[in-house]
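**Q** need a structure here:
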Amino acid sequence: MFKTINNARQALCRMTSQLRTGHWVAPLDPNNQCSFYTADADGNEPVTYEYTSADNKLYVITNGHKYVLCENVTWMSFVKTPTADGDCKSVQMSMTVQSPDQVGVQRTLSAAAVIRRNLD
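**A** Numbers count the residues shown, from 1 in each chain. Here you go, the predicted model:
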């Protein structure tokens with residue numbers, strides 16, 4: 001269970017870090033998905049985090065590639081707070097992970113990110 005929780009914490013840390021420095025978060029994405037643009041040196045890179053309940057995985061989709069960010073995820077939610085101009089002010093994330101070795105052992109972790117570019 002320690003490895004599963006540690007992996008989930010690392011995923012939440014990555015997501016909050018990228019969201020805080022990113023811009024234009026899609027406020028109308030479904031609750032299992034969060035799309036935004038990063039503010040990288042080469043311009044704006046589209047990134048999507050997507051939870052798929054069919055295989056209990058959280059994915060990061062970038063540059064046309066889909067990578068597994070976290071496994072053993074039984075539930076994931078992205079709650080977005082929209083701004084008046086159609087962007088997003090903040091994102092609250094909640095993830096429930098399950099131990100692959102112990103049936104019924106689950107833990108829920110949460111994190112939040114305020115989009116710094118939208119703090120006006």
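
**Q** So, low pLDDT: which residues of the protein?
**A** Scanning the chain for pLDDT under 70 picks out 39-43, 118-120.

**Q** Show the residue spans covered by the helices in it.
**A** 2-21 (DSSP state H).

**Q** ranges for the strands of it?
**A** 33-40, 43-52, 57-62, 65-71, 73-82, 88-98, 106-114 (DSSP state E).

**Q** for the third one, the distance to its chain's centre please.
**A** What that stands for is strand 57-62. 9 Å (C-alpha atoms, centre = their mean, to the nearest Å).

**Q** tell me which residues of that strand are tucked away?
**A** For strand 57-62, a neighbour-count test (16 or more other C-beta atoms under 10 Å) marks 57-61 as buried. Using the backbone N, CA and C atoms, a C-beta is placed for each residue, glycine as well.

**Q** Tell me the span between the first and last residue of stretch 53-61.
**A** Its first and final residues considered, stretch 53-61 spans 16 Å by C-alpha to C-alpha, to the nearest Å.

**Q** Stretch 64-79 too?
**A** Start to finish, the residues bounding stretch 64-79 are 24 Å apart (C-alpha to C-alpha).

**Q** Let me see the residues that make contact with it.
**A** 4, 7-8, 10-11, 14, 29, 31-34, 49, 51, 53, 56-61, 91-100, 106, 108 (C-beta atoms under 8 Å, 6 or more residues apart in numbering).

**Q** on that earlier part again, go through the buried residues of strand 57-62 and name the one nearest residue 20.
**A** Set against residue 20, the nearest of the buried residues of strand 57-62 by C-beta to C-beta is residue 60 (15.9 Å).

**Q** Please name the bridge partners of that closest one.
**A** Listed beta-bridge partners, residue 60: residue 49, residue 67 (assigned using DSSP bridges).

**Q** Am I right that it is in contact with residue 49?
**A** Yes. Taking C-beta atoms under 8 Å as the definition, residue 60 is a contact partner of residue 49 at 5.7 Å.

**Q** Tell me who's in contact with the spatially closest residue to residue 29 that is not a sequence neighbour.
**A** Nearest residue to residue 29, sequence neighbours excluded (C-beta to C-beta, 6 or more residues apart in numbering): residue 35, at 5.4 Å. Counting by C-beta under 8 Å, 6+ apart, residue 35 touches 25-26, 29, 46-49.
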